[in-house]
Each structure stands twice: as C-alpha cells, then as structure tokens.
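J.: return a 3D structure for these sequence lines:
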Amino acid sequence: MGFLNSRKNKRFNYTPRFYKGEGSPYEMKHKFDAYRSTVDPGKGIKGKFLNAINDFKSNPDRNTNRRVLIIIFILICICLVILEFDLSIFFS
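T.: Take a look at the predicted model:
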C-alpha cells in the first residue's frame, strides 16, 4: 500500500525538438559570469573583497574608477553632514 514510502517523481529524457547545441538548454547562467572574477563562490568575505578590488584595478577605463570614487566621497560627506559629525576632534 505504501503508507510509509513517499512517492517518487517521474523522470523523462526530454530533448527539445529544434535545439542543436552543447550543454543543457535549461541551464540558467548570468550573461556576464564569464567576464567577472567576483562571482566565484565560497571565498569568504576577505576573498570577495580582494577580488572586487582586483576587478576594480583591472578596469581599463580610469575615468569610471575616478567617477565612482568621487561619488563615494560625496556620499560620505553628505552622511557626515546629516549626522553633524564634528571634525574639530582631529585638530587641537
């Protein structure tokens, strides 16, 4: 009767009619995974951070890197202004 056994799903060997390629047609991959070094899994936070820095340094477009750094600096300054951070603690 099978009260204690769970039902197994059926498996089919279906191949699409017009698919003539290599690999599985149902495999989901991101478009840019082949070009990134930061997508590798299982590196820990330090490994991911170092890969992100290396990816940032290897970018051939230096204007983009400079623009990102300027935007980050402006956002930090805005946050310090909102939090009313006092810079006089660094100067005597």
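J.: longest helix in this protein, by residue count?
T.: Secondary structure of the chain read by DSSP state H shows that its longest helix is helix 62-82.
J.: can you tell me what sits against it?
T.: 56, 59 (C-beta atoms under 8 Å, 6 or more residues apart in numbering). C-beta coordinates here come from the backbone N, C-alpha and C atoms, glycine included.
J.: just give the number of residues close to Arg62.
T.: Using other C-beta atoms under 10 Å, Arg62 is surrounded by 8 other residues.
J.: gap between it and Ile71?
T.: Distance of Arg62 to Ile71, computed by C-beta to C-beta, to the nearest Å: 15 Å.
J.: circling back: what about the longest helix of the chain, distance to the chain center?
T.: Computed by C-alpha atoms, centre = their mean, to the nearest Å, the chain-centroid distance of helix 62-82 equals 21 Å.
J.: next, the buried residues of that helix.
T.: Within helix 62-82, no residue is scored as buried using 16 or more other C-beta atoms under 10 Å.
J.: tell me the mean pLDDT over it?
T.: Averaging pLDDT along helix 62-82 gives 87.
J.: can I get that helix in CSV, CA atoms only?
T.: Extracted C-alpha coordinates of helix 62-82, given in CSV (Å, rounded to 0.1, in the frame of the first residue of the first chain):
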residue,chain,number,x,y,z
ARG,A,62,40.2,55.0,-15.4
ASN,A,63,37.5,57.8,-15.7
THR,A,64,34.9,55.4,-14.5
ASN,A,65,37.0,54.4,-11.5
ARG,A,66,37.6,58.1,-10.7
ARG,A,67,33.9,58.9,-11.0
VAL,A,68,33.0,56.1,-8.6
LEU,A,69,35.5,57.3,-6.1
ILE,A,70,34.1,60.9,-6.3
ILE,A,71,30.6,59.7,-5.9
ILE,A,72,31.5,57.6,-2.8
PHE,A,73,33.4,60.6,-1.3
ILE,A,74,30.4,62.9,-1.9
LEU,A,75,28.0,60.4,-0.3
ILE,A,76,30.3,60.0,2.8
CYS,A,77,30.4,63.8,3.1
ILE,A,78,26.6,64.1,2.9
CYS,A,79,26.2,61.4,5.6
LEU,A,80,28.7,63.2,7.9
VAL,A,81,26.8,66.5,7.4
ILE,A,82,23.5,64.8,8.2
